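J.: below is the sequence, then the predicted model.
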Amino acid sequence: MALAFMAVLIAVTASMSCAHVSCAAPAKASGSAIPEPGLSQEPGLSQAGQTRTPDVGTQPSLASRMTLATEFALEQGAEVSIVILDRVEGVRVTNGNDEPIDTASVSKLFIADDILFREQQGEVTLSEYEAGLIDEMLRSSDDSAAELLWNRFGSNNIIDRITARYPLSSTSIGSDETWWETQTTMSDIVSYYDALLDGRGGLSADQSAVVLGDIGDFTSTAADGYYQRFGIPDALSGESGIAVKQGWMCCIDGNWIHLSTGIAGDDHRFIIALGSRETAANYGSGDLGAEHARWTLTETAAILFPDGRIDL
C-alpha cells in the first residue's frame, strides 16, 4: 500500500478477539522473546525484532505522532488504520488509511446490537440463557456463543439490518458469509460507536447499556485463552472509562488481523478504532507471530498516546 496516507487528515464532524476458534492462535507461549504488551521493562524493545518504539518526546504534535505510529507499524511488517473521534469537540482524526478489513470478533458488537434491538421491538424474546450468551460473547469474546446467536437470530441478515439502521456504508458480509469475515473500516467502527452512544442507531438507553456494560467489563483473557488487553487497554493506562471490543485472527492473505476498538474518557468522550494487518512471514502464524502482532499494535497506540492518556 502506498505511503501517501502518512499525512494526517483532520476533519471537524457534526457531532472495538478471535474471529473463530478454528483460526485463533494459542495464548502466549512460554519463554517467548517478545514481551507481553504493557508488561515490558523497556517498552518498545523486542529481542526477536531488535526494534525500539520511536521517541516521540521531541515530536509531540498529533500529526507527528500519527506519522510515527504508522511508520513504526510498517517497520514491523504491519499496515495500520487509525481513527479517533473526540465527541465533545466534534473532531475526527485519521492516518488516512481506511481500507476495508475483516472484523474478526468486532462483529460480535453487531450480533448483540441486532438481537437487542429486535427484542426491544418485540420481534424476538430472549431467554436468560441467550442473554447470558450475549454477555459472554462481548466480555470474553466467546466464539461458541457468537456462532449460536448468529445462526439462531438471522446470520447474514444481522449485518444487513445493522448497516441499514446505523447506517454503515463500508460494512458488508464477507464472501464466505461468516460473522468473523464481515468487512468494515475503522471509520465505520467509530461511526457505529458514536451512533450507539447517542441513540441514533435506534437502540434504547437500556439496551445500549447492556453492550456498553459488557465491553466495559471485558476480561483480560478471552474464552479461548487469548490475551485481550493489546492495543487500547494496555496503551491507555492513565485513561478512564475504557471499554473495548477486540478482534484477531490469522491468517488472511498471509496476514495477522488485529483490531482494538472502543471508548475512553469521561462520559465516553473518545472513540478509538485501530486496525492492523501484519505479515505472518516474519514470525509465523503461531504463538510468536500472535505476540508480535499484539505487541506491534500496542506500541503503535503507545506512540499515539505517550502519556497513557488521549491528547488530541
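T.: Ah, there it is. Residues are numbered from 1 along each chain as shown.
J.: what distance separates the start and the end of stretch 103-112?
T.: End-to-end distance for stretch 103-112: 14 Å, by Cα to Cα, to the nearest Å.
J.: try stretch 116-134
T.: Using Cα to Cα, the end-to-end distance of stretch 116-134 comes out at 9 Å.
J.: identify the residues contacting that stretch?
T.: With Cβ atoms under 8 Å, 6 or more residues apart in numbering as the test, stretch 116-134 has contacts from 112, 115, 142, 145, 148-149, 152-153, 161, 165, 202-204, 207, 210-211, 214. C-beta coordinates here come from the backbone N, C-alpha and C atoms, glycine included.
J.: show me how far it is from its chain's centre.
T.: Centroid separation for stretch 116-134 versus its chain: 25 Å, with Cα atoms, centre = their mean, to the nearest Å.
J.: average pLDDT across that stretch?
T.: Per-residue pLDDT values over stretch 116-134 give a mean of 98.
J.: mind listing what's buried in that stretch?
T.: 116-119, 124, 126, 130, 133-134 (16 or more other Cβ atoms under 10 Å).
J.: same thing with stretch 252-266?
T.: 252, 255-265.
J.: now do stretch 305-312
T.: 305-306, 310.
J.: cool, and stretch 235-253?
T.: 235-236, 239, 241-252.
J.: output that stretch as PDB, restricted to C-alpha atoms.
T.: Extracted C-alpha coordinates of stretch 235-253, given in PDB (Å, rounded to 0.1, in the frame of the first residue of the first chain):
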ATOM      1  CA  ALA A 235      -1.600   1.700  25.900                       C
ATOM      2  CA  LEU A 236      -4.100   3.900  27.700                       C
ATOM      3  CA  SER A 237      -3.100   3.000  31.300                       C
ATOM      4  CA  GLY A 238      -3.900   6.500  32.500                       C
ATOM      5  CA  GLU A 239      -7.300   6.900  30.800                       C
ATOM      6  CA  SER A 240     -10.600   6.500  32.500                       C
ATOM      7  CA  GLY A 241     -13.700   4.700  31.200                       C
ATOM      8  CA  ILE A 242     -12.000   2.100  29.000                       C
ATOM      9  CA  ALA A 243     -14.500  -0.200  27.200                       C
ATOM     10  CA  VAL A 244     -13.300  -2.300  24.200                       C
ATOM     11  CA  LYS A 245     -14.200  -4.900  21.700                       C
ATOM     12  CA  GLN A 246     -11.100  -6.600  20.300                       C
ATOM     13  CA  GLY A 247     -10.600  -8.700  17.300                       C
ATOM     14  CA  TRP A 248      -7.900 -11.100  16.000                       C
ATOM     15  CA  MET A 249      -7.300 -14.000  13.600                       C
ATOM     16  CA  CYS A 250      -4.800 -15.500  11.300                       C
ATOM     17  CA  CYS A 251      -4.200 -15.800   8.500                       C
ATOM     18  CA  ILE A 252      -6.000 -13.700   5.900                       C
ATOM     19  CA  ASP A 253      -3.900 -13.300   2.800                       C
END
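J.: for it, what is the average pLDDT?
T.: The average pLDDT for stretch 235-253 rounds to 97.
J.: which of the helices or strands spans Ser144?
T.: Here Ser144 sits within helix 143-152, counting by DSSP states H and E.
J.: and that helix, what's its mean pLDDT?
T.: Rounded mean pLDDT across helix 143-152 is 98.
J.: which parts of the helix or strand following it are buried?
T.: Using DSSP H and E, the helix or strand that follows helix 143-152 towards the C-terminus is helix 156-165. By neighbour count with 16+ other Cβ under 10 Å, helix 156-165 contains the buried residues 158-159, 161-163, 165.
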